[in-house]
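In: Build the 3D model from these lines:
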Amino acid sequence: MSYANPDSEDAAIEQPTIALFAELGWETLNCYHENFGPLSPLGRETMADVVLPNRLKAAIEKLNPGLSPEAVEIAVQELTKDRSAMSPARANQAVYKLLKDGVKFSHKRGDEEDQEEAVETVKLIMGIGESLASRLLLVDALDMEFRTVKLRRDPNCPLCGDNPTISELIDYEAFCGVPAVAV
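Out: The predicted structure is shown next:
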């Protein structure tokens, strides 16, 4: 029988914290004797890995159904990249911003002749919130009221329809007849 020191970090902090997470409905696992590398049940290469890549990938796919495998991989890489040169506070802020605002990336879509550059945001807001896909958020700042309107794609839209005719921004100075003001 081994002696467990009641004043140890494990007894005083770790075990009560694990018990609290279990009470709150979280899945817990004691990984003190984990085998790292290909045999790791959590997919960790070393004890220094704090992110569980298999679970992160599954969470991204669950939160963003229909996301391309390429986009999922880019999000995983961006969230798990080495931030050891940053202070811990800056590293936490950087990851928080990615989780809150999304991982931005570019990809090409379309056929060989007409590829268009698109920027998409992968939303990773910890399983809460709702996507605005196919909806428009209307904000009345005067009355502080919000509402959403469902949108359907218009195949005749001159900007994003089947045969777009608008392919660049207009010259606002010429259009409005007023020169731009430097801010």
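
In: Going by C-alpha atoms from here, please, whenever you check contacts or count neighbours.
Out: Fine.

In: Can you list the buried residues in the longest helix seen in the chain?
Out: In the chain, taking DSSP state H as the definition, the longest helix is helix 88-101. Within helix 88-101, the residues that count as buried by 16 or more other C-alpha atoms under 10 Å are 95, 98, 99.

In: Relative to residue 8, how far out is the last one?
Out: So that's residue 99. 34 Å (C-alpha to C-alpha, to the nearest Å).

In: again, but for residue 52
Out: Residue 52 is 26 Å from residue 8, where distance means C-alpha to C-alpha.

In: what's downstream of the helix-or-strand element of the chain with minimal mean pLDDT, the next helix or strand?
Out: Taking mean pLDDT, DSSP states H and E as the measure, the chain has strand 116-122 as its least confident helix or strand, at a mean of 39. Sequence-wise, the next helix or strand downstream of strand 116-122 (DSSP states H and E) is strand 135-140.

In: Starting from that following strand, tell me which strands it pairs with and how they run.
Out: strand 145-150 (antiparallel) (DSSP bridges).

In: Please state the mean pLDDT value computed over the longest helix of the chain.
Out: Averaging pLDDT along helix 88-101 yields 84.

In: gap between that helix and the chain center?
Out: Chain-centre distance of helix 88-101: 11 Å, with C-alpha atoms, centre = their mean, to the nearest Å.

In: then that helix to CSV, C-alphas only?
Out: Output in CSV follows, covering the C-alpha atoms of helix 88-101 (Å, rounded to 0.1, in the frame of the first residue of the first chain):
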residue,chain,number,x,y,z
PRO,A,88,2.4,33.2,-21.4
ALA,A,89,-0.1,36.1,-21.2
ARG,A,90,0.5,37.1,-24.9
ALA,A,91,0.2,33.4,-26.0
ASN,A,92,-3.1,33.0,-24.1
GLN,A,93,-4.4,36.2,-25.6
ALA,A,94,-3.4,35.0,-29.1
VAL,A,95,-5.2,31.7,-28.7
TYR,A,96,-8.2,33.3,-27.1
LYS,A,97,-8.5,35.7,-30.1
LEU,A,98,-8.4,32.7,-32.5
LEU,A,99,-11.1,30.9,-30.5
LYS,A,100,-13.2,34.0,-30.3
ASP,A,101,-12.8,35.5,-33.7
